[in-house]
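Peer 1: what shape does this take:
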Amino acid sequence: MAQRRLARGLALDLSKHAMRRAARVGQGWYGFDRTPDEVPEALARLDPILAEAGRARGDDFTVTVCPYGKPIDRSDVERYAELGVDRLIVMVFAFGPDDLVPTLDALAADIVEPATAL
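Peer 2: Presented below is the predicted three-dimensional model:
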């Protein structure tokens, strides 16, 4: 019988079991489809579980958040950083080839460049 192996990576789930597994053997937590208002509750659940495992955010454990299709602006980027989010993944939607470059230029000006100053 083959033994089940867990990948060492990020926990995507908010269940206590998934967070415990991430705290024990993972490299981070990935908050998907979360606004800055939704991140604190998840981190408040995660931090004590990390502490039980003798770990803390920022050691070798990162917090990544993707707001997915939710709008994001410069103030949101600052709020994610203040909350301790290590990596922010922003979706880019371009609905045609002519939209791609202006969309990426706007993303760079409005999100990426301000984020580099944080």
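Peer 1: contacting residues around stretch 29-45?
Peer 2: For stretch 29-45, contacts defined as C-beta atoms under 8 Å, 6 or more residues apart in numbering pick out 10-12, 14, 16, 19, 22, 46, 57, 61-70, 76, 79-80, 83-85. Any C-beta I mention is one placed from the backbone N, CA and C, and that applies to glycine too.
Peer 1: which strand is the longest one in this structure?
Peer 2: strand 62-68 (DSSP state E).
Peer 1: from the chain's centroid, how far away is it?
Peer 2: 2 Å (C-alpha atoms, centre = their mean, to the nearest Å).
Peer 1: ok, now stretch 66-75?
Peer 2: The answer for stretch 66-75 is 12 Å, by C-alpha atoms, centre = their mean.
Peer 1: what mean pLDDT does it have?
Peer 2: For stretch 66-75, mean pLDDT rounds to 90.
Peer 1: what comes up buried for it?
Peer 2: Buried residues in stretch 66-75, counted by 16 or more other C-beta atoms under 10 Å: 66, 67, 72.
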